[in-house]
Each structure stands twice: as C-alpha cells, then as structure tokens.
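K.L.:
Structure, please.
(chains A and B)
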Amino acid sequence: MKKICFIFLFLCLWNIGQAQIEGQYRFQYGHDFSTGTDYLGVNFVGEYFPVDNVSFAPSFSVYLPKTGKASQIDLTGRYYFTEDDLQAYGLLGYGFYRRRSEFDRQDPLRGASGVHFGGGALYRFLEVLGLNGEVKVQPQYGGRFNVKLGVSYFIN
Amino acid sequence: MKFWFCFWVFLTVLSANAQEGSGENEPYIPKKRTNLSPTTELWNGLYIKLRLTDRIFWYQENHYRRRSSLNDRTDFLGRMGQIYNRFGFTYLFNDQFEVTVGPTVVLNFAPDSEDPGYLNYTIEPRIWHQWLLTQGVGSVKILHQFRFEHRWKRYNDIGADYNYTNRFRYKITAYVPLNKPKMENKTFFIAPSNEIFFQTGSHITDILEENRLYTAIGYTYNNFMFFGGHMWTYGPTSIPSTYSNRHVIRLNIMYTLDFRNKRRPVVRSLPSF
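P.N.:
This is a model prediction of the structure:
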C-alpha cells in the first residue's frame, strides 16, 4: 500500500512539474466514430486552460447516419499528465446526444444525456499543430465507445 | 469477290444485332437537346485564410446560398438553397504551388419546404483536395485550380439513400489589377474565370456535371478582399438531353491573417521540478 501511495505521490509531483500553461487556447478539428450507433462524425473542439494542467474542452459533433440526423454536444474537462511533444490526458465530462428520425413524424426528436470518461494523446509535430487521438466511454449510452482522430491548433 | 460480299453481309447482320441488343438495355436518349428556362440564385460567401507557419495555412469557406422561388424563377432568394462549409489545411510547396486537403459539410435544403414528403435539409459530407498553380503573366495573376471532391449525397425525399460520387473540377481564373501595376493592397481588380465540373459514380449517366462562367470585380483592403459578380452555369439534369442553366449573383468577403510571430511568449505559472 505504501508503495502505491509513493508511486501516486511521485506521479502527482511529476505531473505538476510537466504543467500545461494557464491561459492557453486551442482549437481542434477531427472525425469521431461511435460504436453501438456505428456513426462517423465531424467533430470541433475549443479548449481553454483556466489553470495549469486542467482544461475545459467543449465539443460539438455532427454524425452522419443513413437517415435522419444525429449530433452531440459534450462539456468535458481534461487533465494533462505531460506537456512535451507527446501530451497524454484523461477526460471526464457530460454530453447531450440528439437523434432526429426521418420516418417518425409524430415523435421525430429523441435525446439522451450522460457522463463520459476516457483519455487521449496529443502529438505536437509543429509549434502550432498537433495530432490528437482520443477514446472515451459513455456508460449511460449503453456503454458506447467513441474514438476520435483530429488535428489541434495551438492558438497561443 | 464472293468472299467480300459474304463478309459485308456478315458485318451488316452483326451490326444490326448489336444495335438491337443495345436498344434493349440502354435507356432511350432523345437526340434533340432541351434547355430549361434559367433560374436565379444569390450566393453569399466568407473565405478565411490564416497563415499558421511558413508553409501551413488554415483555409475555410462558409456560404449562405438562396435560390429563386418555385413560382418565380427570377427573384434570386425566394427559397433556401445551401449552407456550405468547407475547411482544410493548405501546404505551400512554393509561391507557385500549394495543396489543400480537408472536409466539407453541406446542408442541402428541400426544393419545397412545405411538402411533407421532403426533409427540410439533408447533410452532404465531402472530402476534398485541391492543387493550385499560380502563374504570373505581366501584371495579371492566373490561377489553375484542380479540385477533387469525394461526396456522399442524397435527395431530400424521405428515406432516400446516400449515393457516392467523385467530382473533378478545373478552374482557370485571371486576376487583372485595374489601378495598380500588380495585385496588392488597395487594388481594384476584375477576375474572369471558367470552371468545368465532371462527375463519376454508379448512378451517374452524364460525366459532365456543369460549367460555370463567372466574372467578379473586387477590391483589396488590408486583410480583406471584397469581390462579387455574375455567374452563369450550364449543365445536364437527371432527365436525358435536358439541360438547366442558372444566373447567380455572388457576393464574397475574404479575410486573411498571418499568425506567424504573433504568438504570446509561454510563461509558466508554476515552478517546475
């Protein structure tokens, strides 16, 4: 147990040492895929660091079902473990999913909301650009996984 | 002589059979071309180009497009046409050549918003890439734009399937400065262009999609370019031998910004270990 506590403490201290910069803004564009629905989507994320290491990253996805329409808004917090060229993070948030049916004219709009969590990595290959991969689980949407691949732009 | 006569008879019979065979399988295509009456549209566009590094740009287009009413084809803006969003990253190889790659998301609005048989709008995603060559001829700048689009498109009818098509476009544009020796700040210019569209796909019957003849006039002012003009389009419809044409008024703004060397210095707020 002591060993685990020591490792945890070490990781916390190390993470503080590798802090992300307070006041940074980023913009991300990507494509995501959700299991369960098997929808491919276009995803936009704005990200702001109110304090070091921690960012607020609201995102919007437009999915492309065969019929009707589907979209999702997520309000997500990220905690960054590293800040070098390869930046790893964990995430936790709440999302709102909306599905518009094409055939059901009486009740065309259905929605769901729920918690999601997961993690991702950002590889900064230029001063201003990075490649972003992310996986999150949405337990209240029937345990759906969402996988995303995108490009990040470091605004400042 | 007998041999050649027999050979000629053989060829004639073969040719007749072939024509009969093709007549059974192919749709009837009238030989006479029918041109539909022209319709009108109004396209409003915002173009954004941000220089992120020496070689990389962010490119963006957002369009709001109206089209003429069902009962008045001359009113330009009676119905919604499209909301058109194009994004991409541009890589500048040199001053004469750049490549852009990215996605497009188009909202296609129904021909009749009152008709319950139509969805009000459908989403058309695309992946596009563009190869742009720039050529200077005296004071005139000529652009050769090769644009390729991979599209997933459907009709607005309820339950319609998506169809995949490839689109191949070539546009030639000449930017002619009117009050300056070359294109620079505070320049009035005229920019005639022609763009031809081809398409392929399992359900496509005519490889030619459209031709667009467009003449813009414009003015450059600091980071902005204001330009607009008249465009005439002509192309086949889904009815064989029937062609449509449109008169489109285009109003556009382009905004460019250079982000190089404008980044804030990174200041760490916590001491590092």
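K.L.:
Show me the beta-bridge partners of residue 148.
P.N.:
No chain was given, so I picked chain A. A:D32, A:E134 (DSSP bridges).
K.L.:
that's the wrong chain, I wanted chain B
P.N.:
B:F148 has these beta-bridge partners by DSSP bridges: B:H129, B:F168.
K.L.:
Can you give me the neighbour number for it?
P.N.:
By other C-beta atoms under 10 Å in any protein chain shown, 15 other residues sit near B:F148. Any C-beta I mention is one placed from the backbone N, CA and C, and that applies to glycine too.
K.L.:
same check, this time on A:G36
P.N.:
With other C-beta under 10 Å as criterion, A:G36 counts 12.
K.L.:
Over to it. Which of the three states is it?
P.N.:
Look at A:G36: counting by DSSP: H, G, I helix; E, B strand; the rest coil, its state is coil.
K.L.:
which one is it nearest to, not counting chain neighbours?
P.N.:
A:R144 (4.0 Å; C-beta to C-beta, 6 or more residues apart in numbering or on different chains).
K.L.:
State the number of residues packed around that neighbour.
P.N.:
Neighbourhood size, A:R144 [other C-beta under 10 Å]: 17.
K.L.:
which ones are touching it?
P.N.:
A:R144 sits next to A:S34, A:T35, A:G36, A:T37, A:V137, A:Q138 when contact means C-beta atoms under 8 Å, 6 or more residues apart in numbering or on different chains.
K.L.:
who touches stretch A:114-129?
P.N.:
Here stretch A:114-129 makes contact (C-beta under 8 Å, 6+ apart) with A:74, A:76, A:78, A:85-95, A:97, A:130-141, A:146, A:148, A:151-154, B:52-53, B:56, B:259, B:263.
K.L.:
Report the buried members of these.
P.N.:
Neighbour-count burial (16 or more other C-beta atoms under 10 Å in any protein chain shown) is assigned, among those, to A:74, A:76, A:78, A:87, A:89, A:91, A:93, A:95, A:97, A:130, A:132, A:134, A:136-138, A:141, A:146, A:148, A:151-154, B:52, B:56, B:259.
K.L.:
What residues are bridge-paired with B:L133?
P.N.:
The partner residues for B:L133, given DSSP bridges, come to B:F97, B:H144.
K.L.:
just checking, it touches B:D95?
P.N.:
No. Applying C-beta atoms under 8 Å as the test, B:L133 and B:D95 come out as separate, 10.7 Å apart.
K.L.:
Tell me which of the two has more neighbours.
P.N.:
Set side by side, B:L133 and B:D95 show more neighbours around B:L133, with 13 against 8, by other C-beta under 10 Å.
K.L.:
can you tell me how far that one sits from A:E47?
P.N.:
From B:L133 across to A:E47, the span is 36 Å (C-beta to C-beta, to the nearest Å).
K.L.:
ok so, going back, what does the residue nearest to A:G36 show for phi and psi?
P.N.:
phi -70, psi 140 (degrees, to the nearest 10).
K.L.:
A strand includes B:D206, no?
P.N.:
No. The assignment for B:D206, made by three-state DSSP, is coil rather than a strand.
K.L.:
ok, it touching B:S241?
P.N.:
No. Using C-beta under 8 Å, B:D206 makes no contact with B:S241, being 9.5 Å away.
K.L.:
what's the farthest-apart pair in the contacts of A:R144?
P.N.:
A:T37 and A:V137 (14.3 Å; C-beta to C-beta).
K.L.:
Please enumerate the helices of chain B.
P.N.:
Under the criterion DSSP state H, chain B contains helices at B:2-25.
K.L.:
what about the strands in it?
P.N.:
Secondary structure of chain B (DSSP state E): strands at B:34-35, B:39-51, B:56-67, B:79-94, B:97-109, B:121-137, B:140-153, B:163-177, B:188-200, B:208-221, B:224-236, B:242-258.
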